[in-house]
Structure formats: structure tokens, C-alpha cells
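>>> here is a sequence with its predicted model. Questions after.
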Amino acid sequence: MRYANICRAIQNKSVVEFTYDGYRRIVEPHCHGLTDRNNPGLRGYQVGGGSASGEVPSWKMFDLNKALNIQITERNFGRPRLGYKKGDRDLNPIYCEL
């Protein structure tokens, strides 16, 4: 799987960082699978960095084809964020989730 490192980050509750739409994103990954457009997607809680919407922190869906320089950090998060719903309906199939 091309994004196996995303699944490792989810399993280990590791924060990931990447550039997306020109902004550096700091994200707690929760669910990874395919979007309705058949693109690899990541549902995560963005805790830092920038966003065109200015909505940080917040839940986001990322098209991983647009994510550059994905890095798993040494930082971890403790538990799923409030509002997380296992079995994300926007991702099918789901490859891994908290």
C-alpha cells in the first residue's frame, strides 16, 4: 500500500506533518481509505499549521494525492478527538482507523 506509513501513524497515534494546498499542516490522523473519487484520503484533526479556511484546529478530509512531504513526527496524541466517528462514511474502503 502506497500510504502504509499513514496506517502506522494511525496505529501508533503519531502526529503527521505535510504540505497541503500551500500550507504546512500538523494533523492527528484518525482514518485512512478511499474517497468517493477513488483517491487516497485521510480524515484527521488538524491541530496546527495553516489553512485557507483559517479553521484550525478542526476536522479535515485530505486527498493524500495533494499532500507533499508527509512526515510522521515523534509526537503522539492520547485518544481520538471529540467528534470522531469510527467507520467514516466518506471513505470506502477504509484501510485503517482508530
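Structure received.
>>> in the chain, what spans have low per-residue confidence?
Judged by pLDDT under 70, the chain has its weakly predicted residues at 1-2.
>>> quick one, strands of it?
Secondary structure of the chain by DSSP state E: the strands cover 14-20, 23-34, 40-49, 58-63, 67-76, 94-97.
>>> quick one: buried residues of the shortest one?
Buried residues in strand 94-97, defined by neighbour count with 16 or more other CB atoms under 10 Å: 94-97. Just so you know, the C-beta spots here come from the backbone N, C-alpha and C atoms, and that holds for glycine as well.
>>> please apply the same query to stretch 22-38.
Residues 25-33, 35 are the ones in stretch 22-38 that count as buried (16+ other CB under 10 Å).
>>> with stretch 6-16 instead?
Buried residues in stretch 6-16, counted by 16+ other CB under 10 Å: 6, 9-10, 13-16.
>>> with that, I have no additional questions.
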